[in-house]
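> What follows is a predicted structure for the sequence shown.
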Amino acid sequence: MEFGLSTEQAQLQDAVDAMLGRVCAVDRLRSGRGSSNFSAWASLVEAGVPGLLIGEENGGLGLGLFEAALIAEKLGKHVAPSPFLSNCVLAPIALRIAGAAEQRRRWLTALASGEARAGVAITEWVSGARDGASLAAADGRLTGSRLFALDAEGADILITVDNEGQLYLVEPDPAFVTVTPMPTIDITRNVSELRFDRAPAQALDASANGAALAAMRDAAWVMLAADALGAGWSMIDQAVAYSHQRRQFGRAIGTFQAVKHMCATMAAELEPARALIWYAAYAQDEKLADAPLVAAHAKALLGEVGRFVARTATEVHGGIGITDLLGLHYWFKRIGLDRQLFGGPELARRHAARLQGLLAA
């Protein structure tokens, strides 16, 4: 069989690519330093991207994770600052699987239209507690903290999980919830620490918690892999272009065998990952038995290959590769955070080993 994009999927990806190419110039990243820069968000809302995974009954497009992966790849290519992962993927998945009817009606509709934004804080459930971060629930209120929350600044709702694995929806009132930006290497992402002081919270369906959290983790792994794929290919393209322009000893450096080998090796390592990501997203949409396994493999593989590409592309550029003037570091750092968010390659591999019975659960 031939596994490729339909005409509609190719048009969707091309349209997002063209739109991001117009709004995500490197100069705008420099002028908007800080993780709260959502310069691409208005354009994504206009294109209907927030409703990607939301059903038509709530004003969304009713598409799948496969289409989301196609968009994530282009977001990585353009290092686009946007709350795509939390707002367009993870929050809709949580509400679809574990949200009550009224929660779905109210918030999925608002998210699809772009009238509301969602932040997500489930890192501790995926990769374990850090620095003593703990969150406990009592009498419908949350007390404690969560680290590495995505897109919590300015969010209208927060989806988080307590120490017992119970999902909650919180409307962040500053009197009860403090959102503190966390500095990371990647300024294109909004990462925060959340502190809850008896914050009112709505518990999602306890019977669906496990399924919702697993689906969110697997979707996050596939999206981060797709983002790293796009960022990696952009770095390869920039390295090849530079090798044609930079001259040494009277000839373009791209004519030297060593540089040719570096560029060819990057492409040979990265391109096969595309098929894995596509299949991982397709498996999620079709609820195939190996969907959790291939999601873990995609996250682990792109974590390693992405880092190799980022380093090698920078080396092709020589000393200028690490300068702010060139801006290559935005892609380098984007790939670095893609590697670590929701657990690094080692964690994903351990999860894959457990799924295959190679390690005890």
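Structure's in. What do you need? Because the structure is a prediction, the values reported are computed rather than measured. Residues are numbered from 1 along each chain as shown.

> Which parts of the stretch 1-150 of the chain are strands?
In the stretch 1-150 of the chain, the segments counted as strands under DSSP state E, counting those that start in this stretch are 118-121, 135-138, 141-150.

> what about the residue positioned nearest the centre of the chain, helix or strand, and which?
Ranked by distance to the mean C-alpha position of the chain (CA atoms, centre = their mean), the top residue is residue 224 at 4.1 Å. In the assignment (DSSP states H and E), residue 224 maps to helix 209-245.

> circling back to that earlier point, including mean pLDDT and mean neighbour count, could the strands of the stretch 1-150 of the chain go into CSV?
Glycine gets a C-beta too; all of them are placed from N, C-alpha and C. Below are those laid out as CSV (pLDDT from 0 to 100; neighbours: other CB atoms under 10 Å):
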stretch, mean pLDDT, mean neighbour count
strand 118-121, 97, 27
strand 135-138, 96, 16
strand 141-150, 96, 22
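
> Same list, those strands, but as TSV with distance to residue 206 please.
Output for the strands of the stretch 1-150 of the chain, formatted as TSV (distance: least, CB to CB, whole Å):
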stretch	distance to residue 206
strand 118-121	18
strand 135-138	11
strand 141-150	15
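
> Nearest to residue 261 among these would be which one?
strand 141-150 (37.5 Å; CB to CB).

> Using PDB, list the CA coordinates for that closest one.
Output of strand 141-150 as PDB, limited to C-alpha atoms (Å, rounded to 0.1, in the frame of the first residue of the first chain):
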ATOM      1  CA  ARG A 141      -9.900  22.600  46.100                       C
ATOM      2  CA  LEU A 142      -6.200  22.100  45.100                       C
ATOM      3  CA  THR A 143      -3.200  23.000  47.100                       C
ATOM      4  CA  GLY A 144       0.400  22.600  46.100                       C
ATOM      5  CA  SER A 145       2.500  23.200  42.900                       C
ATOM      6  CA  ARG A 146       3.100  21.900  39.400                       C
ATOM      7  CA  LEU A 147       6.200  22.600  37.400                       C
ATOM      8  CA  PHE A 148       6.800  22.900  33.600                       C
ATOM      9  CA  ALA A 149       3.100  23.800  33.000                       C
ATOM     10  CA  LEU A 150       2.700  24.600  29.300                       C
END
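
> continuing past it, what's the next helix or strand?
That would be, after strand 141-150 and using DSSP H and E, strand 157-161.

> List the contacts of the closest residue to residue 305 other than its chain neighbours.
Using CB to CB, 6 or more residues apart in numbering and skipping the chain neighbours, the partner closest in space to residue 305 is residue 269 (5.0 Å). Shown in contact with residue 269 (CB atoms under 8 Å, 6 or more residues apart in numbering): 305, 308-309.

> Kindly present those as a markdown table, with separate columns for neighbour count.
Shown next, in a markdown table, are the contacts of residue 269 (neighbours: other CB atoms under 10 Å):
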| residue | neighbour count |
| --- | --- |
| 305 | 22 |
| 308 | 15 |
| 309 | 29 |
